[in-house]
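**Student:** Provided below are the primary sequence and the corresponding predicted coordinates.
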Protein chains: 2
Amino acid sequence: MFVIKIGGSQGVCFESIAEDAARLFREGQRLVLVHGGSAQTNQVATQLGHPPEFVTSVSGFSSRRTDRKTLEIFTMVCAGHINKRLVELLQKQKANAVGLSGLDGRIWEGARKDAIKVIHQGRRMILRDDFTGKVEKVNAALIRSLLDAGYLPVLSPPAVSYEGDPINIDGDRAAAATAVALQAEALIILSNVPGLMEKFPDESTLITRIPAKDVEKFMAFAEDRMKKKVMGAAEAVAGGVRQVVFADGRIPAPIAAAIGGKGTVIS
Amino acid sequence: MFVIKIGGSQGVCFESIAEDAARLFREGQRLVLVHGGSAQTNQVATQLGHPPEFVTSVSGFSSRRTDRKTLEIFTMVCAGHINKRLVELLQKQKANAVGLSGLDGRIWEGARKDAIKVIHQGRRMILRDDFTGKVEKVNAALIRSLLDAGYLPVLSPPAVSYEGDPINIDGDRAAAATAVALQAEALIILSNVPGLMEKFPDESTLITRIPAKDVEKFMAFAEDRMKKKVMGAAEAVAGGVRQVVFADGRIPAPIAAAIGGKGTVIS
């Protein structure tokens, strides 16, 4: 079984990914797709008059300020737009997809962090009433029962807190938690780059192989958005997933290419 | 088992409905919730610069013009906003809800009508590239497997065409088709009126009982939005559903009230 994370950045080709996933599915492969929706949330939130704000945590990660209004727009875009677009593309290719958010059946559960420590204009601050968190539990039974019944699950943020609040979570790390819970053969993380590069964005410096035990050392090469992917990869291999691949989501048959060894293979 | 259709018009109280549904669910009752999203789609579509257009069919029904852009907004609002809001409210009340659109697992399938005959400024016209249709098949197996596993399904438009296109369908009639497919004990249609009235909007003229065999005769009393509810009720009783109730969705414990015989009971 493969868990495939689909990035939403410019250039990533949903049509090629859906075509490739549907082909594998029709051939009998068990697949779970996971996506996020950050880029499109920014666009819709701006159009709806509630433009995005980003904050930097004290540990140096940039993340979205998720107040209640942002949470609702994020949920609407991820679970209602991107998720259903992928389900439509898969249905057109005769793959019977079922799209679910982490709220549904408590597929992705975790603690809500309603207060986050951030650096704002060089000063430490606490932001309250935030709806963010981290996936700590995966409802693998529900995902497996869908796979067993012949469906292709497509999972979307938000997750759900233990109290039932929707929470914004990182899609790459949610995909990693899902791969661990299902003990997937591989986690494939598709984005708009060919993999991890020694000198980003020089694609000729692609790192093709990383031994699983060394993955954390390679964090040094990860720019911005790649950091959470490397963190997710480390969590996946630590949790027993045999292989993680960072691969190019812009090319035809991107999943087949990743399975064939293209991209950065961590194993 | 009860199928409960939740209207989206002003005054309908999602909080009370979710609280009541969750209580019944925790008591062991099998429930399926169905909702639409017309009113909120209008609002978001206007904010996104693509205001709604309504057309009148040659048979006299008013319906939404659903071009591709409208379809995407409608899908996003129904499946991503309203559906997840209901799922959240249910999760907070310890009911493990699973929200799905008709696209997911092909829960609601039907033919797409891409050309619709309408009356525009007194003249007959054909509108093309529309994404509308009618639910002709319900994936009862998927809904039953969720019920059997202890989940509370919450179903949202759009449906899916035989070719895999999302299609705008009427929520009341989709709820009726679902109640027939599941052979529900009752279909409860909650809206912002107490039921069918002889002289709308005079609530003192509420029609409290309609024999199932006479339901079509009562179409004469149905104003606008009530027409499709009466049509759905006729389809449900013709399909073997023993009871349909038009009931008030603005009051506390609205489902219990409807089960207790308040509203317009067709049986």
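**Tutor:** Arrived safely.
**Student:** pull the helix or strand with minimum mean pLDDT from chain A.
**Tutor:** Ranking every helix and strand in chain A by mean pLDDT, DSSP states H and E puts strand A:62-64 at the bottom, with a mean of 83.
**Student:** which elements pack onto that one?
**Tutor:** Helices and strands touching strand A:62-64, by 3 or more C-beta pairs under 8 Å, 6 or more residues apart in numbering or on different chains; DSSP states H and E, are strand A:54-57. Glycine gets a C-beta too; all of them are placed from N, C-alpha and C.
**Student:** quick one: buried residues of the strand it packs on?
**Tutor:** Using 16 or more other C-beta atoms under 10 Å in any protein chain shown as the test for burial, strand A:54-57 gives A:Val55.
**Student:** same question for it, mean pLDDT?
**Tutor:** Strand A:54-57 carries an average pLDDT of 88.
**Student:** please name every helix or strand in contact with it.
**Tutor:** Checked by 3+ C-beta pairs under 8 Å, 6+ apart, strand A:54-57 has strand A:62-64, strand A:116-120 packed alongside it.
**Student:** which SS class is the closest residue in space to A:Val241 that isn't next to it in sequence?
**Tutor:** Excluding the flanking residues, the one nearest A:Val241 by C-beta to C-beta, 6 or more residues apart in numbering or on different chains is A:Ala179, at 4.7 Å. Taken by DSSP: H, G, I helix; E, B strand; the rest coil, the conformation at A:Ala179 corresponds to helix.
**Student:** how about the contacts made by A:Ala179?
**Tutor:** A:Val3, A:Ala186, A:Leu187, A:Ala236, A:Gly239, A:Val241, A:Val244 (C-beta atoms under 8 Å, 6 or more residues apart in numbering or on different chains).
**Student:** and which of those is nearest to A:Ile119?
**Tutor:** Lowest distance from A:Ile119 to these (C-beta to C-beta) belongs to A:Ala236, with 28.9 Å.
**Student:** tell me which element that closest one falls in.
**Tutor:** Assigning secondary structure by DSSP states H and E places A:Ala236 in helix A:224-238.
**Student:** in that helix, which residues are buried?
**Tutor:** Judged by neighbour count using 16+ other C-beta under 10 Å, the buried positions of helix A:224-238 are A:Met226, A:Lys227, A:Lys228, A:Lys229, A:Val230, A:Met231, A:Gly232, A:Ala233, A:Ala234, A:Glu235, A:Ala236, A:Val237.
**Student:** helix or strand for the nearest residue to the fourth one once chain neighbours are set aside, which one?
**Tutor:** Just to be clear, that refers to A:Lys229. What sits nearest to A:Lys229 in space, not counting adjacent residues and going by C-beta to C-beta, 6+ apart, is A:Asp172, at 4.8 Å. In the assignment (DSSP H and E), A:Asp172 maps to helix A:171-181.
**Student:** quick one: mean pLDDT over that helix.
**Tutor:** Mean predicted confidence for helix A:171-181 is 98.
**Student:** which residues of the stretch 101-250 of chain A lie near chain B?
**Tutor:** Proximity of the stretch 101-250 of chain A to chain B (C-beta under 8 Å from any C-beta of the partner chain) is limited to residues A:101, A:103-106, A:141-142, A:145, A:149, A:151, A:158, A:160, A:163-166.
**Student:** pretty sure A:Thr56 sits against A:Ile119.
**Tutor:** Yes - under the criterion of C-beta atoms under 8 Å, A:Thr56 makes contact with A:Ile119 at 5.0 Å.
**Student:** list the contacts for whichever residue of chain A sits closest to chain B?
**Tutor:** Relative to chain B, the nearest point of chain A is A:Gly80 (1.6 Å; C-beta to the nearest C-beta). Residues near A:Gly80 by C-beta under 8 Å, 6+ apart: B:Thr75, B:Met76, B:Val77, B:Cys78, B:Ala79, B:Gly80, B:His81, B:Asn83, B:Lys84.
**Student:** which of those fall within strands?
**Tutor:** The members of the contacts of A:Gly80 all map outside strands under DSSP state E.
**Student:** buried ones among these?
**Tutor:** Buried members of the contacts of A:Gly80, scored by 16+ other C-beta under 10 Å, are B:Thr75, B:Met76, B:Val77, B:Cys78, B:Ala79, B:Gly80, B:His81, B:Asn83, B:Lys84.
**Student:** ok, A:Leu103 - contacts?
**Tutor:** Counting by C-beta under 8 Å, 6+ apart, A:Leu103 touches A:Ala79, A:Pro158, A:Ala159, A:Val160, A:Pro166, B:Lys84, B:Val87, B:Glu88, B:Gln91, B:Ala97, B:Gly99.
**Student:** so which of those residues are in strands?
**Tutor:** Using DSSP E, the contacts of A:Leu103 in strands are A:Ala159, A:Val160, A:Pro166, B:Ala97, B:Gly99.
**Student:** between those residues, which sits nearest B:Gly263?
**Tutor:** B:Ala97 (24.2 Å).
**Student:** the closest one is in contact with B:Val87, isn't it?
**Tutor:** Yes - between B:Ala97 and B:Val87 there is a contact under C-beta under 8 Å: 4.5 Å.
**Student:** more neighbours, the two?
**Tutor:** The residue with more neighbours, out of B:Ala97 and B:Val87, is B:Val87; 32 against 29, by other C-beta atoms under 10 Å in any protein chain shown.
**Student:** who touches A:Pro252 in this structure?
**Tutor:** Shown in contact with A:Pro252 (C-beta under 8 Å, 6+ apart): A:Cys13, A:Ser16, A:Asp20.
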